[in-house]
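Colleague: Structure, please.
(one chain, ligands or ions: 1)
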Amino acid sequence: MKNNSSSNPHNLVLKILEEARWCPSPDNIQPWRFKLLTETSFEIHCKDQSDWMVYDINGHVTWLSLGFLFETLNITALELGYEVQYTKLTQSAEQTIIFNAQLIPTTKNKSALFTSIKSRSVQRKPMGLKTLTLIEKNELLTCIPNEFSIHFFEKTSQKFKIGKLLYGNSTTRYIMEEGYRVHSKVIDWHKGNEQFSATKIPPKSLGIDPITTALTKWALADWSRFHFIEKYLAGTVWAKFLMDFCTSIRCSGHFLLTYNKPIETLEEFVESGQVVMRLWLTFEKLGLGFQPEYTPIMFAEMVRKNIQFSQNTKAMKNVKKMDDKLKYFIGEKNTFNSVYMARYGRSSVASSRSIRKPLSELLLP
Ligand SMILES: Cc1cc2nc3c(=O)[nH]c(=O)nc-3n(C[C@H](O)[C@H](O)[C@H](O)COP(=O)(O)O)c2cc1C
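Modeller: This is a model prediction of the structure:
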C-alpha cells in the first residue's frame, strides 16, 4: 500500500472525491453521496430520481450517470496510483443503489483525460461550425469498446433534421404537466446564482436572451400560467427555436452512440455511462464544446417499452411522432440500441455553468 501518512486516515479518499464531485449529472442533481470507510475504501450511495422526475424512468438516467461517476473516479484514482474496484452491495426499495469502492495500488499509466475533469462543462450556446478532423475523430474512437458504435452527423441537412427533432421533443416536454414539474425545479432563479449554481442549472447557461429568460422565469412559477402561454400564446416557440433548433445548426455536428442491443441492465447502463464520460472528456481535451441531447434517447426507450409517462394525450401522440422521425433518420435498429446523443463544436469555455455542492455536503455520517 502507498505511504499516505497524514493526520486524517481518509485523506486519499477525500482527495479523489474532491476531484470526482465535478462529474456531471442530469440537471446538476448530484444523486450520489459517499460514506468514508477505511484509508482505501468508501461507499457510493446513488439515489435515482424516478419518484419525481418523469425523465428518470426506472432510474435509467441515474444509472447512466453512475457510469459517468465511476469513470471520473477511475481517472482520478489512476492519477494517484490506484485503480478502483466496485462491488454492488444493495439496490434498495428506496431507489438507492449502494456500491463499495476499493482502491487498489496500480502501476498503470495515468489518464490524459484527468486535467479535463474540472474544466469540462456543458455548452448550451451556439458553437463554431468547423467539422472534426480525421485525427480528432480517431482520438474519439479510442474511447469506444467493440460493442459500441459512434455515428457522426455533420452535414447541414442532418443538423437541420436533428434541430427539428429536438424542437419537437421540447414540445412534448412543455405541453405535459409532468415535464413542468421537473423544469420548474431545476433552474436556479435565486439572486446571485444566475451565472453559477451549485445545486441546479444557472439561467445564464441556457443560451437564451434576457427577455426570454425573464419570461421563462415568470411562466415557470405556476403551471396554469405556463400552460396558458404555451397553448394560447405560442409562448415557448422562441425558446425552442433558440435552445433546440438554432443550436443544432450552430455546431460542428452531432453524434449518436449505440450499443449492440438495447441497454437494459444496471451494468449495461453503467458501462455506457463510462464510455460517454470518456467521450465528453476527450471532446474537452480537444478544445471542443459539448451539449448532451438526451431527449431522443429517453423518449425512444419510453416508446419502445410503451410507457405511459404522461396523462396528456397530445404529449403521448407527439412523442410517438418524433420517435418515428428519429427511426426514419437513423434507422429502427439504431433507435432501439441508442445510448447517448450530443452536439459538439468549436467553442470557448462556457461563461456560465453549474458548479457543485461542497464535498462536506456529499459525505454521509
Ligand atoms: C445523463 C445526462 C444527460 C444530460 N442531458 C442533457 C440534455 O439533454 N440537455 C442539456 O442541455 N444538458 C444535459 N446534461 C448536462 C447536465 O445538465 C450538466 O452536465 C449538469 O447540469 C452539470 O453542469 P456542467 O456540465 O456544466 O458541470 C446531461 C447530463 C447527464 C449526465
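
Colleague: Any stretches of this protein with poor pLDDT?
Modeller: Scanning the chain for pLDDT under 70 picks out the ranges 1-6, 92-93.

Colleague: 80 instead, please
Modeller: Scanning the chain with the threshold set as pLDDT under 80 gives 1-6, 91-94.

Colleague: For it, which residues are neighbours of the ligand?
Modeller: Along the chain, the residues adjacent to the ligand under the rule CB under 6 Å from any ligand atom are 24-28, 61, 64-65, 68, 121-122, 124, 201, 291-295, 353-354. For glycine as for every other residue, the C-beta is placed from the backbone atoms N, C-alpha and C.

Colleague: Tell me which of the residues you listed fall in strands.
Modeller: Using DSSP state E, 291, 292, 353, 354 are the members of the residues of the chain next to the ligand that sit in strands.

Colleague: From those residues, list just the buried residues.
Modeller: Buried members of these, counted by 16 or more other CB atoms under 10 Å: 291, 292, 353, 354.

Colleague: just checking, the last one touches residue 202?
Modeller: Yes: the pair residue 354 / residue 202 is scored as a contact, 6.5 Å apart, by CB atoms under 8 Å.

Colleague: what do these two both touch?
Modeller: Here residue 354 and residue 202 have residue 196 as joint contacts, going by CB atoms under 8 Å, 6 or more residues apart in numbering.

Colleague: so which pair among the ones in strands among the residues of the chain next to the ligand is furthest apart in space?
Modeller: 292 and 353 (13.9 Å; CB to CB).

Colleague: shared neighbours of the two, which are they?
Modeller: What both residue 292 and residue 353 touch, as defined by CB under 8 Å, 6+ apart, is the set residue 122.

Colleague: quick one, domains of this structure?
Modeller: The chain breaks down into these structural domains: 11-118, 121-354 (assignment by automatic domain parsing).

Colleague: so who does residue 312 touch?
Modeller: When contacts are counted by CB under 8 Å, 6+ apart, residue 312 is found next to 175, 176, 177, 178.

Colleague: tell me which element residue 311 is part of?
Modeller: Secondary structure from DSSP states H and E places residue 311 outside every helix and strand.

Colleague: Please shift the residue numbers so they start at 377 in all later answers.
Modeller: OK, 377 is where the count begins now, so the last one is residue 687.

Colleague: That one is in contact with residue 553, isn't it?
Modeller: Yes: with contact defined as CB under 8 Å, residue 687 reaches residue 553; the gap is 7.4 Å.

Colleague: Neighbour count for these two, which is higher?
Modeller: Set side by side, residue 687 and residue 553 show more neighbours around residue 553, with 15 against 10, by other CB atoms under 10 Å.

Colleague: Quick check: that one touching residue 598?
Modeller: No: under the criterion of CB under 8 Å, residue 553 makes no contact with residue 598, lying 11.6 Å away.

Colleague: quick one on the thing from earlier: of the buried ones among the ones in strands among the residues of the chain next to the ligand, which is the nearest to residue 622?
Modeller: When those are compared for distance to residue 622, the smallest value, 12.2 Å, is given by residue 667; criterion: CB to CB.

Colleague: what residues are up against the closest one?
Modeller: Residue 667 makes contact with 498, 499, 500, 623, 627, 718, 719, 720 under the criterion CB under 8 Å, 6+ apart.

Colleague: How about residue 617?
Modeller: For residue 617, the contact set (CB under 8 Å, 6+ apart) comprises residue 543.

Colleague: Repeat that for the one 3 residues further on.
Modeller: Applying CB under 8 Å, 6+ apart, one finds that residue 620 lies in contact with 539, 542, 543, 545, 546.

Colleague: Number of residues surrounding the second one?
Modeller: Other residues within reach of residue 542, judged by other CB under 10 Å, total 23.
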